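K.L.:
Sequence below, structure please.
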Amino acid sequence: MSTHTEQLVAFLADLDYAQLPDPVVARTEDLFLDWLGSALASQNAHPIPLFENYAKLMGPTEGRANILVSGARSSAYFAALVNGASSHLVEQDDLHNSSVLHPATVVFPAVLAAAQDLGKSGRELI
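P.N.:
As a prediction, the model looks like this:
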């Protein structure tokens with residue numbers, strides 16, 4: 001017998017974009033845009049340049065993933081780090097009750113970086 005986690009993982013592994021209801025895709029797009037605004041709003045704000053400098057010093061000088069606030073490219077790991085920090089700084093997503101837990105600041109930086117690193121489309125990202 002499988003655990004709830006195993007059942008969830010099996011469901012997600014078999015999930016295809018075509019199976020997603022239009023309202024789910026639209027909501028995901030809205031939440032992604034909300035997160036993107038939060039991440040970009042922290043450009044040059046303390047301590048984001050420190051995260052960017054750390055990524056430059058410790059990570060590769062080139063990569064397939066974008067650091068949103070500077071446009072620099074790095075590995076998926078370092079892009080996700082800086083983009084996650086950027087989106088946590090302003091956290092515009094707490095201005096409405098439907099997203100007070102800030103899940104986007106944890107999920108979207110990693111998903112975007114992985115999608116860019118793997119050359120995936122926006123549809124595949126969702």
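K.L.:
Identify each buried residue in the longest helix seen in the chain, please.
P.N.:
Criterion DSSP state H: the longest helix present in the chain is helix 22-41. Buried residues in helix 22-41, counting neighbours by 16 or more other C-beta atoms under 10 Å, are found at 31, 32, 34, 35, 36, 38, 39. Bear in mind the C-beta positions are built from the backbone N, C-alpha and C, glycine included.
K.L.:
mind showing which ranges of the protein have poor pLDDT?
P.N.:
Residue ranges of the chain with pLDDT under 70: 1, 91-102.
K.L.:
Enumerate the helices of it by residue range, in sequence order.
P.N.:
4-14, 22-41, 48-58, 76-90, 104-117, 122-125.
K.L.:
will you turn those into CSV that also has distance to residue 67?
P.N.:
Output for those, formatted as CSV (distance: least, C-beta to C-beta, whole Å):
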stretch, distance to residue 67
helix 4-14, 28
helix 22-41, 10
helix 48-58, 6
helix 76-90, 5
helix 104-117, 9
helix 122-125, 17
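K.L.:
Quick check: which of those is nearest to residue 70?
P.N.:
Among the helices of the chain, helix 48-58 comes nearest to residue 70, with 5.7 Å by C-beta to C-beta.
K.L.:
so what secondary structure elements neighbour that closest one?
P.N.:
The contact analysis (3 or more C-beta pairs under 8 Å, 6 or more residues apart in numbering; DSSP states H and E) places helix 48-58 against helix 76-90.
K.L.:
if we can go back for a sec, ranking the helices of the chain by burial, who's on top?
P.N.:
Among the helices of the chain, helix 76-90 has the highest mean neighbour count (mean count of other C-beta atoms under 10 Å), at a mean of 23.
K.L.:
Using PDB, list the CA coordinates for that helix.
P.N.:
What follows is helix 76-90, C-alpha atoms only, in PDB (Å, rounded to 0.1, in the frame of the first residue of the first chain):
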ATOM      1  CA  ALA A  76      19.800  27.100 -11.800                       C
ATOM      2  CA  TYR A  77      20.900  26.800  -8.200                       C
ATOM      3  CA  PHE A  78      22.200  30.400  -7.900                       C
ATOM      4  CA  ALA A  79      19.500  31.900 -10.000                       C
ATOM      5  CA  ALA A  80      16.900  30.300  -7.700                       C
ATOM      6  CA  LEU A  81      18.800  31.600  -4.700                       C
ATOM      7  CA  VAL A  82      18.900  35.200  -5.800                       C
ATOM      8  CA  ASN A  83      15.400  35.200  -7.300                       C
ATOM      9  CA  GLY A  84      14.000  33.600  -4.100                       C
ATOM     10  CA  ALA A  85      15.700  36.200  -1.900                       C
ATOM     11  CA  SER A  86      14.500  39.000  -4.200                       C
ATOM     12  CA  SER A  87      10.900  37.900  -4.000                       C
ATOM     13  CA  HIS A  88      11.000  37.500  -0.200                       C
ATOM     14  CA  LEU A  89      12.300  41.000   0.300                       C
ATOM     15  CA  VAL A  90       9.200  42.900  -0.900                       C
END
